[in-house]
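>>> would you be able to build a 3D model of this:
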Amino acid sequence: MNVLFINIKELIQVREKNIDFVSGKEMNTLPTIKDAFLLVENGLISDFGDMKDCPKSTYKTIDATGKMILPSWCDSHTHIVYAGNRENEFVDRIKGLSYKEIAEKGGGILNSAKKLQVTSENELYNQSKKRLEEIIQLGTGAVEIKSGYGLTKDSELKMLRVIKKLKEKYPIEIKATFLGAHAVPNQYRNNKSAYLQMLIDDILPVIKEENLADFIDIFCETGYFTIKDTEKILEAGKEYNLKGKIHVNQFTAINGVQVGIKHNALSVDHLEEMRTEDIEALKNTKTMPVALPSCSYFLSIPYTPARKMIDAGLPLALATDYNPGSTPSGNMNFVVSTACIKMKMTPEEAINAATINGAYAMNLKNKTGSITKGKLANLILTKEISSYNFIPYSFGNPIIETVFLKGEEIKYI
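Numbers count the residues shown, from 1 in each chain. Predicted coordinates:
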């Protein structure tokens, strides 16, 4: 698709040269061009600059007077391929049960796994595509999707095949993550090591053969998987060219961050419980910390200490954690707002975290996340707004007018 956007009130996240991510004080700098043009050719960003330098073109022209353009959100942590929902557990939490108590009475991840195991691949795809279309309309242009609600060989592979099908059918950038080590199923309750070995011996070879995943992940947490388990899974992933990611420090800090760094994990995600030594360990590494504020909001647990981490010089990415149990929402606009309101991130920091740093956390740094020549024209065109501060300020209100993926206007509703 070829299109010329003119009279853009402000073009946001402009990077003349591609960079990996932004950290520390740099996160508070958001480069923009006011009164700008943006040229898209063959689905890629071709040119941009001041309106006074706007080229003449026979392409379709969109007048963005009073409106802003920014790169689509990059959501680097989701579980949107799942069956049914867990609204009953939502009511249980209102009545006072904790996440742990719900899990102990048969709820939680095992509940979702039970539903998914009896859901056909076709039905799972149909449920999941609706969620994918929903997040695209909410401005997400790149998304990572995990398995982990199957917990059997057949069901984990079913999830990954659905993710692959979504990737083939939709224009959004999708990365797939194998999260077989999300919880220990009941049949392996007394033999966790055998379950981990099954994941390695029975599932990883099929993933490689069918090209079903980009990353490997594990829930490194008290009551789930240990440091030793995490090392075993990350090492196995390397053998199959799957880069590591880790769910870590959600409820307790058990040195999972340090293990992720040791194994060159692309990201460490959750981080609601961060000690000084965890923050120090992340300094000067290539591992991206990822915060999931919607999860903290929904579960009423602490928020990732973004202010402390950024002030210590770290980068930070933001993602939704869209899943049926702890975050039944894929709205990155809400995530950006919540990061500002509850985590005291500035709008500049939050937008950087949800675009360029999120792209890095999916290994998409060369394809999306900024307004850079040669990157995909995955764009958000806002309604008429006063400044980009209005994006997080006006939480819950729709500020997006149009979404573009590879330069094409997207409309599913």
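>>> the strands in the stretch 251-400 of the chain, which residues?
Listed in chain order, the strands of the stretch 251-400 of the chain (DSSP state E, counting those that start in this stretch) span 267-270, 288-291, 317-318, 379-384, 400-405.
>>> and for the stretch 51-200 of the chain?
Going by DSSP E, counting those that start in this stretch, the stretch 51-200 of the chain shows strands at 60-63, 67-71, 73-78, 140-146, 173-181.
>>> note down every partner strand of the longest one and its orientation.
What that stands for is strand 173-181. Paired strands of strand 173-181, with direction, are strand 140-146 (parallel), strand 215-220 (parallel) (DSSP bridges).
>>> how about the contacts made by I203?
K153, E156, L157, F178, G180 (CB atoms under 8 Å, 6 or more residues apart in numbering). In short, each C-beta sits where N, CA and C put it, glycine included.
>>> which one of the residues you listed is nearest D50?
F178 (46.0 Å; CB to CB).
>>> what helix or strand is the closest residue to I351 other than its chain neighbours on?
Spatial nearest neighbour of I351, chain neighbours left out: L30 (5.8 Å); criterion: CB to CB, 6 or more residues apart in numbering. Remark: L30 resides in no helix or strand, with elements defined by DSSP states H and E.
>>> show the backbone phi and psi for L30.
phi -120, psi 100 (degrees, to the nearest 10).
>>> list the contacts of L132.
I80, V143, L166, Y170, I172.
>>> quick one: low-confidence parts of this structure?
The model of the chain has pLDDT under 70 over residues 413.
>>> any idea which of the strands paired with strand 173-181 is most buried?
strand 140-146 (a mean of 29; mean count of other CB atoms under 10 Å).
>>> ok, so of the contacts of I203, who is nearest A306?
F178 (28.3 Å).
>>> now do the contacts for the closest one.
146-147, 156, 160, 203-204, 207, 212-213, 215-217, 237, 242.
>>> at 7 Å instead, please
Residues in contact with F178, defined by CB atoms under 7 Å, 6 or more residues apart in numbering, are S147, L160, I207, A213, I216, D217, L242.
>>> repeat for G244
So G244 contacts F215, I216, L234, G237, G260, H263, A265, L266 (CB under 7 Å, 6+ apart).
>>> now the most centrally placed residue in the chain. Nearest residue, chain neighbours left out?
Centroid check for the chain by CA atoms, centre = their mean gives S76 as the closest residue, at 2.1 Å. Once flanking residues are discounted, S76 sits nearest to A361: 3.7 Å by CB to CB, 6+ apart.
>>> hmm, which two among the contacts of I203 are most spread apart?
K153 and F178 (11.8 Å).
>>> just want the phi and psi numbers for L138.
Torsion angles, degrees, to the nearest 10, at L138: phi -90, psi 10.
>>> wait, it sits on V335?
No. Here L138 does not reach V335: they are 10.1 Å apart, not a contact under CB atoms under 7 Å.
>>> the more surrounded of these two?
V335 (30 against 21; other CB atoms under 10 Å).
>>> where's the more buried one relative to F21, distance?
17 Å (CB to CB, to the nearest Å).
>>> next one: N331
Counting by CB to CB, the gap from N331 to F21 is 23 Å.
>>> residues touching the residue lying closest to S112 once chain neighbours are set aside, list them.
Using CB to CB, 6+ apart and skipping residues adjacent in sequence, the residue nearest S112 is Y149, 4.4 Å away. Residues in contact with Y149 (CB under 7 Å, 6+ apart) are H79, Y82, I109, S112, A113, L116, M159.
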